[in-house]
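Q: Structure of the sequence below:
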Amino acid sequence: MPPWIYLRGLVEFALSAGSRPTFILGRSYPHGVWFYFPVLVLLKTPFSFLMLLLLAILAAAVFKKMKPQGTSAIPPGMELHWRCIWISLVVFSAACVLNRLNISIRHFLIPLALMILMLAPFPRILALLREHYAGATKVAGATAFALTLSAILTAVVAYPRYFPFINILGGKRPGYLLVNDSNLDWNHALPVVEHFVLQRGIKHVLVDDYGFSELQPYIPEATRWNCQEPSPADGGQWAIVSGNLLADASNCQWLFRYLHLELAGGSMYAFLLPHVIPAAGETGGPPLPKDYRYFGGQSFRGKDMKAIFARCVDDPRQLQPTMDEFVAAMQESQKNAKK
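A: Numbers count the residues shown, from 1 in each chain. Model (predicted):
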């Protein structure tokens with residue numbers, strides 16, 4: 001492929017790809033922000049791995065400063081491989097930072113894999129430094145070994161709650177106030193919800209999920225619910241709400257005034273609603289319409305996009321009417337723009 005074609009596509013992707021509102025560190029933004037992925041790496045990567053990267057960088061800096069003549073951290077014949085790795089890391093990281101579609105750390109997986117590969121010369125660097133810093137290299141080697149074991153232990157302890165994983169840098173703040181989207185929940189916890197329902201003998205449960213799944217195969221007792229628009233008939237029932245809908249894609253922190261339980265590591269929460277739900281805008285009640293928040297930060301003719309998609313998932317016959325409605329709205333918008 002001619003290099004200019006690749007570079008043109010990369011620039012177009014980075015600068016003109018779709019943008020949507022995002023949420024990070026408890027704050028909503030109307031578009032993607034440059035620090036989104038750096039923050040996610042700091043929060044969702046095992047802390048021991050971050051320390052291992054820092055240790056490797058320090059060792060490389062020392063090696064570069066006093067590099068013995070004729071030695072290299074890169075074995076002979078591997079120079080091109082190393083160059084490809086670090087250039088790819090720079091290019092992919094820049095593309096992610098410049099792109100305004102900030103919804104998940106999964107979009108940063110290639111740079112994360114390249115970071116792991118960048119650790120490859122670390123053992124060789126320690127070996128080459130041993131002659132000059134025998135004691136320091138022993139400590140560094142033992143530290144690296146301990147950090148590696150710690151990273152493995154972190155993965156074992158976190159299993160299977162990898163979606164909502166936040167390392168110690170998150171402090172005591174819950175995940176729903178730090179990250180968004182599939183960094184926290186993507187309907188992977190529905191089987192956990194069903195276990196909760198069966199364990200408590202609940203015959204009917206209200207579920208406000210985040211992804212686009214048919215609920216009944218996972219939770220036969222479930223009814224779709226909107227945590228921003230409860231009805232008086234919902235009083236006294238259990239409601240399960242995605243963590244993403246508490247502060248980001250909906251405004252439902254009012255539920256924390258009532259008995260609540262964390263499910264699946266904070267991916268979802270179970271709430272026991274009061275028998276009488278206060279009116280919208282009142283203390284302990286849901287928000288007023290003016291304070292609603294929406295999935296993806298957008299609504300369509302006053303309707304939450306999540307609710308529109310869920311209607312199509314539950315009843316495929318709604319796909320065509322929904323598409324027709326979108327097309328009509330687009331055509332109307334184009335006509336108004338020409339006037």
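Q: Which parts of the stretch 1-150 of the chain are helices?
A: 3-16, 36-44, 47-65, 79-98, 109-117, 122-129, 134-158 (DSSP state H, counting those that start in this stretch).
Q: can you redo those as a markdown table with mean neighbour count, distance to residue 329 and mean pLDDT?
A: Every C-beta, even on glycine, is put in place using the N, C-alpha and C of the backbone. Formatted as a markdown table, the helices of the stretch 1-150 of the chain follow (neighbours: other Cβ atoms under 10 Å; distance: least, Cβ to Cβ, whole Å; pLDDT from 0 to 100):
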| stretch | mean neighbour count | distance to residue 329 | mean pLDDT |
| --- | --- | --- | --- |
| helix 3-16 | 11 | 23 | 71 |
| helix 36-44 | 20 | 30 | 97 |
| helix 47-65 | 16 | 46 | 94 |
| helix 79-98 | 15 | 30 | 92 |
| helix 109-117 | 16 | 35 | 95 |
| helix 122-129 | 18 | 55 | 92 |
| helix 134-158 | 14 | 43 | 95 |
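Q: Quick check: which of those helices is nearest to residue 320?
A: When the helices of the stretch 1-150 of the chain are compared by Cβ to Cβ, helix 3-16 sits nearest residue 320, at 30.3 Å.
Q: mind listing the strands for the stretch 201-339 of the chain?
A: Applying DSSP state E, counting those that start in this stretch to the stretch 201-339 of the chain gives strands spanning 205-208, 222-224, 238-242, 260-263, 268-272, 299-300, 303-304.
Q: can you tell which of those strands is closest to residue 160?
A: strand 260-263 (13.0 Å).
Q: What is the closest one packed up against?
A: The elements that strand 260-263 packs onto, with contact taken as 3 or more Cβ pairs under 8 Å, 6 or more residues apart in numbering; DSSP states H and E, are helix 190-200, strand 268-272.
Q: Now tabulate the helices of the stretch 1-150 of the chain in TSV and tack on distance to residue 251.
A: Shown next, in TSV, are the helices of the stretch 1-150 of the chain (distance: least, Cβ to Cβ, whole Å):
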stretch	distance to residue 251
helix 3-16	31
helix 36-44	21
helix 47-65	32
helix 79-98	29
helix 109-117	31
helix 122-129	46
helix 134-158	29
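Q: And those: which comes nearest residue 318?
A: Smallest distance to residue 318 across the helices of the stretch 1-150 of the chain (Cβ to Cβ): 31.7 Å, for helix 3-16.
Q: How is this protein partitioned into domains?
A: Per the record's domain assignment (automatic domain parsing), the chain is made up of the domains 3-170, 185-338.
Q: list the buried ones in stretch 234-252?
A: Within stretch 234-252, the residues scored as buried using 16 or more other Cβ atoms under 10 Å are 234, 237-252.
Q: Am I right that residue 197 is in contact with residue 204?
A: No: contact criterion Cβ atoms under 8 Å: residue 197 and residue 204 do not qualify, at 9.1 Å.
Q: quick revisit: format the helices and strands packed on strand 260-263 as CSV; extra columns: mean neighbour count and distance to residue 28.
A: Shown next, in CSV, are the helices and strands packed on strand 260-263 (neighbours: other Cβ atoms under 10 Å; distance: least, Cβ to Cβ, whole Å):
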stretch, mean neighbour count, distance to residue 28
helix 190-200, 17, 26
strand 268-272, 23, 20
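Q: Show the model's pLDDT score for residue 30.
A: Residue 30 carries a pLDDT value of 89.
Q: Show the contacting residues for residue 276.
A: Counting by Cβ atoms under 8 Å, 6 or more residues apart in numbering, residue 276 makes contact with 232, 235.
Q: thinking again about what came up before, please name whichever of the helices of the stretch 1-150 of the chain is nearest to residue 28.
A: Across those, residue 28 has its closest neighbour in helix 36-44 (12.2 Å, Cβ to Cβ).
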